[in-house]
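1. Attaching a predicted model along with its sequence, questions to come.
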Amino acid sequence: MRKIAVITTLFVIALFAVPFGAGATGGGSDAAASATCPLPSAPGSHVVDISNELMLAWDAGKSTAGPVPLALPAGSWDVYLVSYDDHSNKTHQTQLDEQWYLQGWLGASTVFTTEATPDLPETTDVKEFFVGSLTTTQAIDQVLALHAAYPSDEPHSVAPLCAGFYPSGTSPVAPAACPLPAGPGVVTISTELLLAWDAASAMAGPVDFALPAGTWDVYLVSYDNHSSKTHQAQKQEQWYLQGWLNGAVVFQTSPTGDLPEDTDYATFYVGSISTTSAIDQVKAFHFAYPSDEPHSVAPVCASFVAHGPGTTPTTTGPGTTPTTTGPGT
């Protein structure tokens, strides 16, 4: 079990390592793969097989798969993508961008584009990835898979095995959630990843939150699905929070520490703030923006605890009883 400090790994992702005989055996081979989609069916879900053929990032003709028919109604969906490559028979291969994403189409128009999967680890043949939630006001009639690394001078071979769309909050793998006990000083911000290389994705909010004037110890909770990103190395997964009143900034916290690569969740004590004004909103900002690296991190939630001795909060999550240390501890 992964050792964690103030962490709750909520994604329980099954790994399937399957020998496939005459499957793809060379780095970047275009031989047919063979695998079975591991995603379960559930009420209201839509699971679609896409392709067991390897997409190649160095070949335009093999950098996509589909379109594949899928009748998906408008709605809010938790999206899972499943990657495959026969790593069991490629023991000397090292390809770090075996990634892909999915587009939903209606006729000749793109309705949505998902986030890309992480790289498929070299020790794994089949792996499912939660790539976020999306809301669409249009139905779709087909999906298209695209290699995230195209164009490249390396193959980064990966098969877009299948995709699953589950009504938000009903997916077979739990989405990210705030591990802090609910209370008047706790605000949920976002489970979407902030990205330091994209201005539009470097901020989350505003989120309505009423906090009176006072002195507060501040705790910020970071999340990234590192359990499914075993080759990722991002050293500035950090963010900070601003408090606003009537469109004006009232305070700004110190940033979190970097979220460790062996950790999915962490709660950071970022110091105390004193304000003579109440606030009505908060906004989260990526501390590393602007950057040429994503440094992906979700600003899940924040807690404001009245400053004073004996006010250190305890956070709990499924199967864990982590404690967050506060000032002077």
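-> Sure, I can see it.

2. Helix or strand for Val249, just tell me which one.
-> Here Val249 sits within strand 248-252, counting by DSSP states H and E.

3. pLDDT averaged over that strand - what is it?
-> Strand 248-252 comes out with an average pLDDT of 97.

4. Just checking: what are the partner strands of that strand?
-> Partner strands and pairing direction for strand 248-252 (DSSP bridges) are strand 239-245 (antiparallel).

5. For the stretch 201-329 of the chain, which segments count as strands?
-> Remark: strands assigned in the stretch 201-329 of the chain by DSSP state E, counting those that start in this stretch are 203-211, 214-223, 239-245, 248-252, 265-275, 279-286, 298-306.

6. returning to what we had before: please spell out which residues along the strand holding Val249 are buried.
-> Buried residues in strand 248-252, counted by 16 or more other C-beta atoms under 10 Å: 250-251. For the C-beta atoms, the positions are set from N, CA and C on the backbone; glycine is no exception.

7. who touches that strand?
-> Strand 248-252 is contacted by residues 240-244, 273, 275, 277-279 when judged by C-beta atoms under 8 Å, 6 or more residues apart in numbering.

8. now for those, which pair is the farthest apart?
-> Within these, Tyr240 and Ala278 form the most distant pair, 19.8 Å apart (C-beta to C-beta).

9. more crowded one of these two?
-> The neighbour count for Tyr240 versus Ala278, taken as other C-beta atoms under 10 Å, is higher for Tyr240 (18 against 13).

10. Look up which residues are beta-bridged to that one.
-> When bridges are called by DSSP bridges, Tyr240 pairs up with Phe285.

11. Against Gly205, how distant is it?
-> 12 Å (C-beta to C-beta, to the nearest Å).

12. Name the residues contacting each of these two.
-> What both Tyr240 and Gly205 touch, as defined by C-beta under 8 Å, 6+ apart, is the set Ala284.

13. quick check: mean pLDDT across stretch 80-95?
-> 80.

14. buried residues in that stretch?
-> Using 16+ other C-beta under 10 Å as the test for burial, stretch 80-95 gives 80-87, 89-90, 93, 95.

15. Give me the pLDDT value at Ile50.
-> 96.

16. Three-state assignment for the nearest residue to it once chain neighbours are set aside, please.
-> Once flanking residues are discounted, Ile50 sits nearest to Pro160: 4.6 Å by C-beta to C-beta, 6 or more residues apart in numbering. Under DSSP: H, G, I helix; E, B strand; the rest coil, Pro160 falls in the strand class.

17. Identify the residues contacting Pro160.
-> 50-51, 55, 65, 81-83, 100, 102, 145.

18. Mind checking which of the residues you listed are in helices?
-> Using DSSP state H, no member of the contacts of Pro160 falls in helices.

19. which one of those sits closest to Val218?
-> Leu81 (35.5 Å).

20. For Ser274, give me its contacts.
-> By C-beta under 8 Å, 6+ apart, the contact set of Ser274 is 214-216, 307.

21. can you pull the pLDDT of Ala33?
-> For Ala33, pLDDT reads 39.

22. And for the one 5 residues further on?
-> Pro38 is assigned 82 on the pLDDT scale.

23. I'd say it and Thr124 touch.
-> No: under the criterion of C-beta atoms under 8 Å, Pro38 is not in contact with Thr124, lying 11.9 Å apart.

24. wait, what's in contact with Glu237?
-> 222, 224, 258-259, 295-297.

25. Could you measure from it over to Val218?
-> Taken as C-beta to C-beta, the span from Glu237 to Val218 is 18 Å.
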